[in-house]
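*Asks:* I need the structure of the sequence given here:
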Amino acid sequence: MLDSTAFWLAVALVLLIEGFMPFVSPASWRKTFLQILQLSDGQLRFFGLASLLLGVALIWFLV
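*Replies:* This next block holds a predicted model:
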């Protein structure tokens, strides 16, 4: 099913994706992050839930 190599590759991919914007465009990333900080708890929860559901759906379709 999932061995440790696949897990660490997934972690590495997340780090690669997360680090891309701060490296390429730090000013734009900072502006976006400040806008995210202005969202209410309900809005953040909605986007968190949407991300979780999208991730589960992608895993379900790919496995």
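
*Asks:* For Asn21, grab the count of nearby residues.
*Replies:* Check again: residue 21 is Met, not Asn. 14 (other C-beta atoms under 10 Å). C-beta: built from backbone N, CA, C; applies to glycine.

*Asks:* Report the separation between it and Trp8.
*Replies:* 23 Å (C-beta to C-beta, to the nearest Å).

*Asks:* What of Ile17?
*Replies:* From Ile17 across to Trp8, the span is 15 Å (C-beta to C-beta).

*Asks:* what about the helices in the protein?
*Replies:* Assigned by DSSP state H, the chain shows helices spanning 4-24, 26-37, 41-62.

*Asks:* got the contact list for Thr32?
*Replies:* Met21 (C-beta atoms under 8 Å, 6 or more residues apart in numbering).

*Asks:* that older thread, format the helices of the chain as CSV; extra columns: mean pLDDT.
*Replies:* Shown next, in CSV, are those (pLDDT from 0 to 100):
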stretch, mean pLDDT
helix 4-24, 92
helix 26-37, 94
helix 41-62, 94
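
*Asks:* how about the CA coordinates for stretch 53-62, as CSV?
*Replies:* Presented in CSV, the C-alpha positions along stretch 53-62 are these (Å, rounded to 0.1, in the frame of the first residue of the first chain):
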residue,chain,number,x,y,z
LEU,A,53,-12.4,17.3,0.6
LEU,A,54,-10.4,18.0,-2.6
GLY,A,55,-7.4,16.0,-1.2
VAL,A,56,-9.6,13.1,-0.2
ALA,A,57,-11.3,13.1,-3.6
LEU,A,58,-7.9,13.2,-5.4
ILE,A,59,-6.6,10.3,-3.3
TRP,A,60,-9.8,8.3,-3.9
PHE,A,61,-9.6,8.8,-7.6
LEU,A,62,-5.9,8.1,-7.8
